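K.L.:
Provide a 3D model corresponding to the input given below.
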Amino acid sequence: MKNSYENHYREIEEKHPWFLARSNLFLSLMPNNKNSSILDFGCGAGSFLRKLNYAGYTDLSGVEISETKPASTSDCFVITKSIQKRKYDVILMMDVLEHIEDDSAALVRIKSHLKPGGKLLLSVPAYQLLWSDHDTMNMHYRRYNRNSLKRVIKEAKLKTEFITNWNSMFLPIIAVSRLISRRANKELRLNNNFFSKLVFLTLTFENFLLKKTGLPFGLSIISSCSHV
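P.N.:
Numbers count the residues shown, from 1 in each chain. Okay, here's the model as predicted:
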């Protein structure tokens, strides 16, 4: 990810409705056992780790390989540039896999750090057709569909427990925008307070729907995989 874009992400991830709704979705997928060991791979500055700690989870670690993010520690977690030599109950990869050239090899390595029965929770951007400058600036290698993500998960010998799309209701608007112009979009710049609230409420409603059923289409794909 280009440094200017990466810095912009870190400035807005605490307040942008997409980030907030995604955090709430992943929080709802966490195990009930607050002593579960959790690794956030691609954790940035540790925003989600702080939310996990606030929710009562205590065994937290983060990995951020970006050259612009030095290793750091806090009272509740440590962020390093490589995975510690241990195994975890849960590993998170929230919009990380698309940044890795050899995604299959990355998941094989991630699996080696999961306990038997451990869970990998991940999200990726959907539909190669929607490729735009947004992806180029973020240094993505690809966007996924369900079949391509399932294939990579299977190659790593992980078991897909569920897979669903997310951010469905805004798909038509974003799709039309990107198909008309591939230039970098302004989806991250929601300066209108009313529209920001609308986006958050809409995605929150989708989070509720995901507890009942999967969504057939959407700008993101969410999956839970297990080490068997």
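K.L.:
use CA for all of it now, contacts and neighbours both
P.N.:
Will do.
K.L.:
Bridged to the residue nearest the centre of the chain, which residues?
P.N.:
The centre of the chain sits closest to residue 94, judged by C-alpha atoms, centre = their mean, with a distance of 1.6 Å. Assessed by DSSP bridges, residue 94 has beta-bridge partners residue 123.
K.L.:
Run the chain-centre distance for stretch 109-121.
P.N.:
16 Å (C-alpha atoms, centre = their mean, to the nearest Å).
K.L.:
Buried residues in it, which are they?
P.N.:
Neighbour counts using 16 or more other C-alpha atoms under 10 Å place 110-111, 113-115, 118-121 of stretch 109-121 among the buried residues.
K.L.:
Would you reformat those residues as a markdown table and include pLDDT, secondary structure and distance to residue 76?
P.N.:
Formatted as a markdown table, these follow (pLDDT from 0 to 100; DSSP: H, G, I helix; E, B strand; the rest coil; distance: C-alpha to C-alpha, whole Å):
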| residue | pLDDT | secondary structure | distance to residue 76 |
| --- | --- | --- | --- |
| 110 | 97 | helix | 22 |
| 111 | 97 | helix | 24 |
| 113 | 98 | coil | 21 |
| 114 | 98 | strand | 21 |
| 115 | 97 | strand | 22 |
| 118 | 98 | strand | 22 |
| 119 | 98 | strand | 21 |
| 120 | 98 | strand | 21 |
| 121 | 98 | strand | 21 |
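K.L.:
Give me the phi and psi for the residue nearest to residue 125 when sequence neighbours are not counted.
P.N.:
Nearest residue to residue 125, sequence neighbours excluded (C-alpha to C-alpha, 6 or more residues apart in numbering): residue 220, at 4.5 Å. Main-chain torsions, residue 220, degrees, to the nearest 10: phi -130, psi 160.
K.L.:
wait, what's in contact with residue 220?
P.N.:
Residue 220 is in contact with 123-126, 165-167, counting by C-alpha atoms under 8 Å, 6 or more residues apart in numbering.
K.L.:
Now, those that are in strands?
P.N.:
The strands, defined by DSSP state E, take in 123-125, 165-166 from the contacts of residue 220.
K.L.:
Distance check, residue 201 against residue 169.
P.N.:
Separation of residue 201 from residue 169 (C-alpha to C-alpha, to the nearest Å): 11 Å.
K.L.:
which residues of this protein fall in helices?
P.N.:
Using DSSP state H, the helices of the chain run over residues 3-12, 17-28, 47-54, 103-111, 133-137, 146-155, 171-180, 193-210.
K.L.:
partner residues bridging the residue nearest to residue 125?
P.N.:
Following DSSP bridges, residue 220 is listed with bridge partners residue 125, residue 166.
K.L.:
quick one on the thing from earlier: format the contacts of residue 220 as TSV; extra columns: pLDDT and distance to residue 88.
P.N.:
Converted to TSV, the contacts of residue 220 look like this (pLDDT from 0 to 100; distance: C-alpha to C-alpha, whole Å):
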residue	pLDDT	distance to residue 88
123	98	19
124	98	21
125	97	25
126	98	27
165	98	26
166	98	26
167	96	29
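K.L.:
For those, which single residue is the most surrounded?
P.N.:
Among those, the one with the most neighbours (other C-alpha atoms under 10 Å) is residue 166, at 28 neighbours.
K.L.:
From what I see, that residue and residue 215 are in contact.
P.N.:
Yes - judged on C-alpha atoms under 8 Å, residue 166 makes contact with residue 215 at a distance of 6.5 Å.
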